[in-house]
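> Got a sequence here, can you model it:
(2 chains)
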Number of protein chains: 2
Amino acid sequence: MELNVKLNENFGRVAESYLFSDIAKKVKAYSAAHPEKKIIRLGIGDVTLPLAPAVISAMQKATAEMGEKETFRGYAPEYGYAFLREAIRRHYENFGVCLSDDEIYASDGAKCDCGNIVELFGDNEVLIPDPVYPVYLDSNVMSGRRVRLIETGPENGFLPSPDGLDGLDSKGYVIYLCSPNNPTGATFTAEGLKKWVDFARESGSLIIYDSAYEAFIFDDHPRSIFEIEGAKECAVEICSLSKSAGFTGTRCGWTVIPRGISSGGTYLYKMWERRQATKYNGIPYVVQRAAEAALSPEGEAQCRENVKYYLRNAKTIAAMLDEKGIFYTGGSSSPYVWMKCPGGMTSWEFFDFLLDRANVVGTPGAGFGRCGEGYFRLTGFGSAEATAEAVDRISKII
Amino acid sequence: MELNVKLNENFGRVAESYLFSDIAKKVKAYSAAHPEKKIIRLGIGDVTLPLAPAVISAMQKATAEMGEKETFRGYAPEYGYAFLREAIRRHYENFGVCLSDDEIYASDGAKCDCGNIVELFGDNEVLIPDPVYPVYLDSNVMSGRRVRLIETGPENGFLPSPDGLDGLDSKGYVIYLCSPNNPTGATFTAEGLKKWVDFARESGSLIIYDSAYEAFIFDDHPRSIFEIEGAKECAVEICSLSKSAGFTGTRCGWTVIPRGISSGGTYLYKMWERRQATKYNGIPYVVQRAAEAALSPEGEAQCRENVKYYLRNAKTIAAMLDEKGIFYTGGSSSPYVWMKCPGGMTSWEFFDFLLDRANVVGTPGAGFGRCGEGYFRLTGFGSAEATAEAVDRISKII
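A predicted model of the protein is given here:
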């Protein structure tokens, strides 16, 4: 029935379906038409290695607790159990960042937090790099926000810069940064990130920093924006166990909101607390125990072996591109390899070409923004065998 | 640091903290000041019995699967695994409601869905009963929506009615209904609910029906709005395993959006799909398996024993009020007993009185709306022993 209620018209301004849903549909259709083909999926950024033994063991124990009256747990604290917030705080200490437990808000993932944090803001101009994870743009457009894209490309290594932005007219921006970047793998140096922090402080802007891939950094690139002096005055950070601990199907992430950040006398952390207390009911107890285990020294060591495995896959892909002389970013500090489509193909042309000719699924760069057109994302999240096989198939046709 | 970004000013229009957070703080303070007192909590609507054996066993099995490469699961389908959507559809068949699996969108709880669904709408007038679960009001106010409260009271058994609303001016409302109602326990008959469905169809309004407590209905009151003819044209239903299966700390709920509901040619289910695909990443696999088990015939039988246990507690409370001649609603078809505060006390006065004199925690009715002032909510979610003890203590002081 046609109702008379008014719907949110901003939904009409985003593409009707989400990038990864589109890809899934295309692959399903191809698969149905060619049931004999063995498709290798290096498309969606989904992990394939099982949860670490320490995580499984903690989850089994927690599940057993939920079955006994004495140890059963009902509603969790809205921002996470103290044991989890403490485990996250300790994780940050690994790379020299000091937080207090109550600045850390646990949740069921970075995607939810990235989408939900939009609710806290008024009518600001929102700066979003291009290309980048589509959730920033879509969630802002769906809320009717004004977005300005910051173009990146091969000339700046796909790293956005505040150069040329007018930061001195007292108009604060909401700025999204993602490092290591999804999809390009481009990773800020401390100097590059410092420029953004300085810009934010000068202009009174807020940085929303997505560090979901920080665990892939094994060198001196910053793993957290809070490694940069002054960041606690102007940045919130959103992180996740999805990629570092294989939690894509288990769901745990967090947002760090430093206490001192305010605007118009209102503290941002208080708004987030109100938002979460009103619209969210916390993470399952069993998942919080699993997350605690993933962040324990034993769990982190196990998870890091998985991360290294994915990095080796990414390097295998990158080595093939080196050999072919094809431009790419990523492939180190990131599970992603962001390659130029060969032969002047568009992103979706190359998607179809790869699917049809090599039975390999990747992600069209255009799905991450206009500047992604002509580029393509491959991931190291497959198995070593499948990745080697995919690289072999691809190298034969490009 | 004070930033220049604009914040969402609507947040200033809701109370600074959430009702249950306030209560928790008060109890914590009292407890710290009187460590020797044994406090009985009949306040927050949280379950206390452990998860059913069928649920635990399914969750253990699923956890083991997550630890093996062959059975590991990454990202879940955004709207729930097919096995879960099917299990929910079968649950509805228990009381004669036919849905198709793809009208059912699984999520991590009714609270999240109630809060998030607000995003789909434009500038409608929103009708919300008073008193009711505060999430409807708060999430609409935080989004700047215009809200009209529908007063209820002892004269109409705390059940809202569309009488007196102008439904013929082609202005659609978004209407929240909750049955069995939280906090009053008031439960619609089929006739009462039919009046709302007819009103919605006449006026082109949308009903958002919260059936989170449907499992407490053991008589012929409707357990779903879709038992009412015409409801599929004008209603969405939000439900949860929190109370029926003890999932408050495990997190699983769902929203049913019939395919045919549209406005201005846009289908509501498509907007919800876009919203969830953009801002949500699904429920943990282990929880989906747990939920499937809770909805299996074996699981439902076990869960229903728990529901009966809570209902017996509610009846124990109600019997005491009967004896004292104090007005109340609920106590059957609901874990809640909604009582008139004795001696003309306000809700918070009675809260303090009960906490101080009986060391019993309840929920002040005023926290659920202006019409809740002078009333008080007690729950059957405690243990039988604690409930009997609380009833004994209360009966001595009122």
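> Mind giving me the packing neighbours of the helix or strand bottoming out on mean pLDDT in chain A?
When the helices and strands of chain A are compared on mean pLDDT, DSSP states H and E, helix A:19-33 comes out lowest with a mean of 90. With contacts defined as 3 or more C-beta pairs under 8 Å, 6 or more residues apart in numbering or on different chains; DSSP states H and E, the packing partners of helix A:19-33 are helix A:347-358, strand A:363-364. From N, CA and C alone the C-beta is placed, and that goes for glycine too.
> Show me where chain A has its helices.
Taking DSSP state H, the helices of chain A run over residues A:19-33, A:53-66, A:82-93, A:110-116, A:134-142, A:190-203, A:268-279, A:285-294, A:297-324, A:347-358, A:384-397.
> residue ranges with poor pLDDT in chain A?
When residues are selected by pLDDT under 70, those of chain A lie in A:16-17, A:167-170.
> which residues touch the residue nearest to A:Cys371 when sequence neighbours are not counted?
Nearest residue to A:Cys371, sequence neighbours excluded (C-beta to C-beta, 6 or more residues apart in numbering or on different chains): A:Asp130, at 4.3 Å. With contacts defined as C-beta atoms under 8 Å, 6 or more residues apart in numbering or on different chains, the neighbours of A:Asp130 are A:149-152, A:368-372.
> and the stretch 251-398 of chain A, which of its residues are near chain B?
Proximity of the stretch 251-398 of chain A to chain B is confined to A:251, A:260-266, A:268, A:270-271, A:273-275, A:277-287 under the rule C-beta under 8 Å from any C-beta of the partner chain.
> List buried members of those by neighbour count.
Neighbour-count burial (16 or more other C-beta atoms under 10 Å in any protein chain shown) applied to those gives A:251, A:261-263, A:268, A:270-271, A:273-275, A:277-287.
> What is the neighbour count of A:Ala110?
The tally of other residues near A:Ala110 (other C-beta atoms under 10 Å in any protein chain shown) stands at 27.
> Skipping its backbone neighbours, what lies nearest it in space?
Computed as C-beta to C-beta, 6+ apart, the closest residue to A:Ala110 that is not its neighbour in sequence is A:Ser240, at 3.8 Å.
> Specify the beta-bridge partners of the one you found.
Taking DSSP bridges as the rule, A:Ser240 bridges to A:Gly253.
> and it, what does it touch?
With C-beta under 8 Å, 6+ apart, A:Ser240 has these contacts: A:109-110, A:212, A:247, A:252-254.
> Likewise for A:Ala190?
Per C-beta under 8 Å, 6+ apart, neighbours of A:Ala190: A:220-222, A:227-228.
> Kindly recompute the last result at 7 Å.
Shown in contact with A:Ala190 (C-beta atoms under 7 Å, 6 or more residues apart in numbering or on different chains): A:222, A:227-228.
> do A:Val47 as well
A:Val47 neighbours (C-beta under 7 Å, 6+ apart): A:243, A:246, A:248, A:381, B:74.
> Dump these to CSV, plus distance to A:Arg89 and neighbour count.
Listed next are these as CSV, based on distance: C-beta to C-beta, whole Å; neighbours: other C-beta atoms under 10 Å in any protein chain shown:
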residue, distance to A:Arg89, neighbour count
A:Lys243, 20, 28
A:Gly246, 22, 26
A:Thr248, 24, 26
A:Phe381, 28, 27
B:Gly74, 27, 18
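> From these, pick the one nearest B:Ile398.
Using C-beta to C-beta, A:Thr248 is the member of the contacts of A:Val47 that sits closest to B:Ile398, with 53.2 Å.
> Double-check the closest one against B:Phe72; I have them as touching.
No: the criterion here is C-beta atoms under 7 Å, and A:Thr248 misses it with B:Phe72 at 10.0 Å.
> Quickly check: stretch A:177-185 near chain B or not.
No: shown here: stretch A:177-185 not in contact with chain B (C-beta under 7 Å from any C-beta of the partner chain), separated by at least 14.0 Å.
> quick one: terminal-to-terminal distance for that stretch?
From its first residue to its last, stretch A:177-185 covers 12 Å (C-alpha to C-alpha, to the nearest Å).
> again, but for stretch A:73-91
25 Å.
> So what touches it?
Contact with stretch A:73-91 is made by A:66, A:99, A:101, A:104-106, A:254, A:273, A:276-277, A:280-283, A:285, A:288, A:291-292, A:295-296, B:44, B:46-48, B:248-249, as judged by C-beta under 7 Å, 6+ apart.
> got it, and stretch A:293-302?
With C-beta under 7 Å, 6+ apart, stretch A:293-302 has contacts from A:52-55, A:58, A:87-88, A:90-91, A:241, A:245, A:303.
> What parts of the stretch 101-250 of chain A come near chain B?
Selection of the stretch 101-250 of chain A residues close to chain B by C-beta under 7 Å from any C-beta yields A:108-109, A:111-112, A:115-116, A:119-124, A:135, A:138-139, A:142, A:170-172, A:174, A:201, A:203-206, A:233-234, A:248-250.
> mind running it again at 6 Å?
Selection of the stretch 101-250 of chain A residues close to chain B by C-beta under 6 Å from any C-beta of the partner chain yields A:109, A:111-112, A:115, A:120-124, A:138-139, A:170, A:172, A:174, A:204, A:206, A:233, A:248-250.
> PyMOL command for the buried members of the residues you listed?
Burial among those is assessed by 16+ other C-beta under 10 Å; the matching PyMOL selection reads:
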select buried, chain A and resi 109+111+112+115+120+121+124+138+139+172+174+204+206+233+248+249+250
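> Leaving aside the residues adjacent along the chain, what's closest to A:Lys324?
Excluding its sequence neighbours, the residue lying closest to A:Lys324 (C-beta to C-beta, 6+ apart) is A:Ile398, at 6.4 Å.
> quick revisit: could you check the angle the least confident helix or strand of chain A makes with helix A:134-142?
Here helix A:19-33 runs at an angle of 120 degrees relative to helix A:134-142 (axes from the mean of the first three to the mean of the last three C-alpha atoms, to 10 degrees).
> list the buried ones in helix A:19-33?
Buried residues in helix A:19-33, counting neighbours by 16+ other C-beta under 10 Å, are found at A:19-24, A:26-27, A:30.
> same deal with stretch A:84-96?
For stretch A:84-96, the neighbour count (16+ other C-beta under 10 Å) marks A:84-85, A:87-89, A:91-92 as buried.
> re the thing from before, kindly indicate which of the contacts of A:Asp130 lies nearest chain B.
Chain B has its nearest neighbour among these in A:Phe368, at 14.1 Å by C-beta to the nearest C-beta.
> Can you name the residues that contact that closest one?
A:Phe368 sits next to A:131, A:183 when contact means C-beta atoms under 6 Å, 6 or more residues apart in numbering or on different chains.
> measure it to A:Asn313 for me?
Using C-beta to C-beta, to the nearest Å, A:Phe368 is found at 20 Å from A:Asn313.
> Check A:Gln276 too.
36 Å.
> Looking at the two, which is more packed in?
Higher neighbour count among A:Gln276 and A:Asn313: A:Asn313, with 28 against 22, using other C-beta under 10 Å.
> Can you get me a residue count around the nearest residue to the more buried one once chain neighbours are set aside?
Excluding the flanking residues, the one nearest A:Asn313 by C-beta to C-beta, 6+ apart is A:Gly380, at 3.4 Å. Residues contacting A:Gly380 under the criterion other C-beta under 10 Å number 27.
> do the same with A:Gly325
Residues lying near A:Gly325 (other C-beta under 10 Å) number 7.
> can you check A:Asp163 too?
A:Asp163: 9 surrounding residues under other C-beta under 10 Å.
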